[in-house]
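Enquirer: Quick one, fold the following:
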Amino acid sequence: MQPRLQSFIEAITSTLIGLVVAMVTQLIVFPLYGLEINLQSNIEIAGIFTAVSIVRGYLVRRWFNAKQ
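Expert: Numbering: from 1, shown residues only. Model prediction:
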């Protein structure tokens, strides 16, 4: 069984990688749909989704570990 701290670190690491991917994707995709967002707003939006993703990743990991 994976310790809680390791689950949390894994969730953060994975999500931070996702943050970079999301930022680049938003910079490319948003303008294609006519959404012009400044860099600050882009960072804020990505940050919100990143926080949600960290919690989701941690909870899913803990749930799977509990089932073992």
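Enquirer: Show me what counts as buried in stretch 8-23.
Expert: 8, 11, 12, 15, 18, 19, 22, 23 (16 or more other CB atoms under 10 Å). Yep, even glycine has a C-beta here, placed from its N, CA and C like the rest.
Enquirer: Name the surrounding residues that touch it.
Expert: The list of residues contacting stretch 8-23 from outside it, by CB atoms under 8 Å, 6 or more residues apart in numbering, reads 2, 42, 43, 46, 47, 49, 50, 53, 54, 57, 58, 61.
Enquirer: The last one is in contact with residue 3, isn't it?
Expert: No - using CB atoms under 8 Å, residue 61 and residue 3 do not qualify as a contacting pair, with a distance of 10.8 Å.
Enquirer: Those two: who's more crowded?
Expert: residue 61 (18 against 9; other CB atoms under 10 Å).
Enquirer: Would you mind measuring from the more buried one to residue 10?
Expert: Residue 61 sits 7 Å away from residue 10, taking CB to CB, to the nearest Å as the criterion.
Enquirer: In space, what's closest to the residue sitting nearest the centre point of the chain - neighbours in sequence excluded?
Expert: Compute the mean C-alpha point of the chain, and by CA atoms, centre = their mean the closest residue is residue 50, 3.3 Å away. What sits nearest to residue 50 in space, not counting adjacent residues and going by CB to CB, 6 or more residues apart in numbering, is residue 19, at 4.6 Å.
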